[in-house]
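Chemist: all I have is the shape, not the residue letters:
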């Protein structure tokens with residue numbers, strides 16, 4: 001029998017727009033995000049991840065802050081960064097912030113970290129780092145975060161190359177259960193898949209385009225590397241994050257996300273040199289086999305389980321709030337994801 005599939009949501013925060021197209025306040029975006037998290041918990045979703053971003057349209061710059069607040073306002077949902085950009089942050093502070101959130105949540109392994117490089121580079125100039133050190137910063141700080149998490153004592157020592165040495169200093173608080181679940185986040189780099197397997201870390205794939213099934217060889221590489229390093233199959237977990245939106249009908253899902261998708265692509269064209277938005281690409285990605293999990297509950301559930309047949313993942317979570325998608329659509333999508341998609345996924349998975 002296949003394992004139970006966890007279903008969830010992730011967000012970078014999504015600043016809404018006025019009728020003239022101007023952006024509304026980033027504070028409102030944070031309030032909307034908090035409302036979405038508490039609703040997801042009330043309705044029984046398994047997981048909610050908060051991704052670190054530093055733009056006016058995606059203002060969730062401090063995942064640990066809202067996760068600590070949400071830990072006090074929720075009862076059962078797992079809360080995670082998605083990702084924490086550890087290359088340009090201090091892993092000690094990340095560990096402390098998430099350990100505090102874990103204490104607020106009362107333990108129970110509800111608080112997780114996805115450690116990644118991030119999908120953008122604005123944190124490097126913002127926090128005074130050089131892109132020339134991109135790989136070394138990530139490797140060094142991941143080592144620090146993992147060793148700190150494995151340390152059973154309050155006092156801790158560490159020496160690396162990108163941060164001052166820590167000489168037998170207290171790092172508090174400790175997580176309630178002793179350790180935090182830490183995942184490695186990647187957009188599909190083979191080296192990252194191998195690194196996660198060799199370290200015995202669970203891996204989270206962020207799939208924002210193309211054909212998700214093409215990630216299957218990466219999961220095979222990950223599991224092979226993990227087994228060769230001596231880790232059990234239970235330790236080698238895979239989760240998948242994709243864009244998506246659930247609506248009562250397929251047509252409504254497509255119509256509701258399209259304006260936000262266009263807004264996002266124009267912004268990325270300016271920031272990263274993406275191509276001009278082409279709606280043909282949007283509809284192709286929204287079709288079966290594409291990277292956008294859009295549709296009615298039946299379609300979205302079927303597509304999640306179909307991808308499981310390729311990747312064997314145990315958690316699937318959707319980013320639904322992009323490009324100022326109206327907040328009421330997001331709340332309805334969360335309701336449908338929890339009350340309609342999740343039961344359908346459970347039913348389909350039980351047949352495996």
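Modeler: Arrived safely. Everything quoted here is computed from the prediction, not taken from an experiment. Residues are numbered from 1 along each chain as shown.

Chemist: quick one: the strands in the stretch 201-350 of the chain, in order.
Modeler: 203-207, 238-246, 292-295, 315-319 (DSSP state E, counting those that start in this stretch).

Chemist: let me know which of those strands is tucked in deepest.
Modeler: strand 292-295 (a mean of 27; mean count of other CB atoms under 10 Å). The way it works is simple: take the backbone N, C-alpha and C, and place the C-beta from them, glycine included.

Chemist: and for it, what's in contact with it?
Modeler: For strand 292-295, contacts defined as CB atoms under 8 Å, 6 or more residues apart in numbering pick out 242-247, 250, 253-254, 257, 282, 285-286, 300, 303-304, 318.

Chemist: quick revisit: reformat the strands of the stretch 201-350 of the chain as JSON lines; add mean pLDDT and distance to residue 121.
Modeler: JSON lines is the format used below for these (pLDDT from 0 to 100; distance: least, CB to CB, whole Å):
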{"stretch": "strand 203-207", "mean pLDDT": "98", "distance to residue 121": "16"}
{"stretch": "strand 238-246", "mean pLDDT": "98", "distance to residue 121": "19"}
{"stretch": "strand 292-295", "mean pLDDT": "98", "distance to residue 121": "24"}
{"stretch": "strand 315-319", "mean pLDDT": "98", "distance to residue 121": "19"}
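
Chemist: can you redo these as CSV with distance to residue 76?
Modeler: Output for the strands of the stretch 201-350 of the chain, formatted as CSV (distance: least, CB to CB, whole Å):
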stretch, distance to residue 76
strand 203-207, 20
strand 238-246, 18
strand 292-295, 24
strand 315-319, 15
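
Chemist: these: which one's closest to residue 12?
Modeler: strand 315-319 (7.5 Å; CB to CB).

Chemist: elements contacting the closest one?
Modeler: When contacts are defined as 3 or more CB pairs under 8 Å, 6 or more residues apart in numbering; DSSP states H and E, strand 315-319 packs onto strand 6-11, strand 47-50, strand 238-246, helix 297-311.

Chemist: now find how far off-centre it is within its chain.
Modeler: 8 Å (CA atoms, centre = their mean, to the nearest Å).

Chemist: and it, which strands flank it?
Modeler: In the sheet, strand 315-319 lines up against strand 6-11 (parallel), strand 238-246 (parallel) (DSSP bridges).
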